[in-house]
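Trainee: Just the structure for this:
(chains A and B)
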Amino acid sequence: MDAERDPARRLPDDVALARAALAATRNVAGVAGISRGRYAIARTFGLGGEAVEGVQLTHDDAGLRVEVHVGVRPVPIPPLADAIRAAVVAALAPAGIVVAAVDVWIDELRVDNAADAGEEAG
Amino acid sequence: MRILNRLLALLLLTLLLAAALLTLGLVTGVLSEALVQQAWPYAPVSAIARDVALLPTLTYQGTPIGPVGPGTPIGPFVVGGAIMVALLAILGIIRELMPPPRRARTLVLRGDAPGYTEIAYDTLDKLAAYSARGVAGVEQARARVDPKGGALNVRCQVLVSPFTDLATTGPEVERTIAERLTRATGLPVRTVQLRAVVQEERARRHVR
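Mentor: Residues are numbered from 1 along each chain as shown, chains lettered A, B, ... in the order given. Here you go, the predicted model:
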């Protein structure tokens, strides 16, 4: 709660965490890209106008709640969401962050890639 | 098309309600033939009003059906029937005037892990259409996925090549959509309603 009242202490860290979460999410197989958010833009803001789009962090008593917005290839979604969760938790663990939950938003299906046919068949 | 259908239904139901109320009025004596003629001076309407107004004075003359035998007055049956028709018409009008239920924006999947997964329904629509287009002979496809009781219902419209055997392509499209959606979401697909339109064969180019 203290961190929430003190933006100078929280926001720069949040941007770094958001970038780490974003990088981890991008590397998950089946993720075609990061989406800005479908109905509202998901952003994590930092000082000096810095912002990371596609990830939103919320601090609460249970820990950090991460919301990631992704575009996916046609793959089974529940396993993909679990893989994203695991990747985000693993990416933020070295910073000593307790991740309470990772909400995964599947905003888009991207099927324009020729490799999708083979990936989907597998 | 949907708006036109609704307007036609409303018109029909309003006419039905008016007919039922008119019958009730004439049978119970609230309205008279003269009043109807004054409101709508048209001979066939006057004849109908006169006939309807005479209904309470008539008796049943056919073979006995249960408690109804020859000589039973038919007035109460006419009143009961008119009330039922009026109620049904009112219910129908209310139903047509109510806005149709809207689909939620996202499908929420909850697993064992902390956090939830939200999938935009547009994404599922796109996946269903993409799956249909993967079937041989399907040129274009549009789909809409709706949730119902923990399962999914799909409506799909496909444009198929004129050289396609619909008897095999149709079930194949349905099966493919259901399989892909189930695999993607983990939810069962209850129904796939498919509408296939056969593409017109293109005019042959004449070479001189």
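
Trainee: Grab the longest helix from the chain for me.
Mentor: Unless you meant another one, I'm taking chain A. helix A:7-26 (DSSP state H).

Trainee: was after chain B, sorry
Mentor: Max-length helix for chain B by DSSP H is helix B:2-28.

Trainee: what's downstream of that helix, the next helix or strand?
Mentor: helix B:33-39 (DSSP states H and E).

Trainee: Dump that next one to PDB, restricted to CA.
Mentor: The C-alpha coordinates for helix B:33-39 follow below in PDB (Å, rounded to 0.1, in the frame of the first residue of the first chain):
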ATOM      1  CA  GLU B  33     -71.900  -3.800 -35.200                       C
ATOM      2  CA  ALA B  34     -73.000  -0.200 -35.700                       C
ATOM      3  CA  LEU B  35     -70.000   1.100 -33.800                       C
ATOM      4  CA  VAL B  36     -67.700  -1.100 -35.900                       C
ATOM      5  CA  GLN B  37     -69.300   0.100 -39.100                       C
ATOM      6  CA  GLN B  38     -69.000   3.700 -38.000                       C
ATOM      7  CA  ALA B  39     -65.300   3.200 -37.300                       C
END
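
Trainee: quick one: buried residues of it?
Mentor: B:Glu33, B:Val36 (16 or more other Cβ atoms under 10 Å in any protein chain shown). The C-beta positions use only the backbone N, C-alpha and C, and glycine is treated the same way.

Trainee: How about stretch B:182-192?
Mentor: In stretch B:182-192, counting by 16+ other Cβ under 10 Å, buried: B:Arg183, B:Ala184, B:Thr185, B:Leu187, B:Val189, B:Val192.

Trainee: Which strand residues bridge the fifth one?
Mentor: Beta bridges link B:Val189 to B:Leu152 when assigned by DSSP bridges.

Trainee: That one touches B:Thr182, doesn't it?
Mentor: Yes - applying Cβ atoms under 8 Å as the test, B:Val189 and B:Thr182 come out as touching, 5.6 Å apart.

Trainee: just checking, what packs against the longest helix of chain B?
Mentor: helix B:33-39, helix B:43-54, helix B:75-97 (3 or more Cβ pairs under 8 Å, 6 or more residues apart in numbering or on different chains; DSSP states H and E).

Trainee: Columns distance to A:Gly37 and mean pLDDT on top of the ones you listed, output as TSV?
Mentor: Below are these laid out as TSV (distance: least, Cβ to Cβ, whole Å; pLDDT from 0 to 100):
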stretch	distance to A:Gly37	mean pLDDT
helix B:33-39	60	88
helix B:43-54	62	89
helix B:75-97	36	93
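
Trainee: so which of those helices comes closest to chain A?
Mentor: Comparison of these against chain A by Cβ to the nearest Cβ identifies helix B:75-97 as nearest, at 28.8 Å.

Trainee: Tell me the helix or strand right after the closest one.
Mentor: By DSSP H and E, the next helix or strand past helix B:75-97 is strand B:106-110.

Trainee: The closest residue to A:Arg43 other than its chain neighbours pairs with what?
Mentor: Nearest non-adjacent residue to A:Arg43, counting by Cβ to Cβ, 6 or more residues apart in numbering or on different chains: A:Ala51, 4.9 Å away. Using DSSP bridges, the bridge partners assigned to A:Ala51 are A:Phe45.

Trainee: Wait, A:Ala51 touches A:Ile41, no?
Mentor: No - A:Ala51 is beyond contact range of A:Ile41, at 9.3 Å (criterion: Cβ under 8 Å).

Trainee: still on that earlier bit, relative to A:Glu67, how far out is the residue nearest to A:Arg43?
Mentor: According to Cβ to Cβ, to the nearest Å, A:Ala51 stands 15 Å off from A:Glu67.

Trainee: Identify the residues contacting the residue nearest in space to the middle of chain A.
Mentor: In chain A, the residue lying closest to the centroid (Cα atoms, centre = their mean) is A:Val68, at 3.1 Å. Contacts for A:Val68 were tallied using Cβ atoms under 8 Å, 6 or more residues apart in numbering or on different chains; they are A:21-22, A:25, A:34, A:42, A:54-55, A:84, A:88, A:102-105.

Trainee: and the helix or strand containing it, which residues are buried?
Mentor: Applying DSSP H and E as the criterion places A:Val68 in strand A:63-72. By 16+ other Cβ under 10 Å, the buried positions in strand A:63-72 come out as A:Leu64, A:Arg65, A:Val66, A:Glu67, A:Val68, A:His69, A:Val70, A:Gly71, A:Val72.
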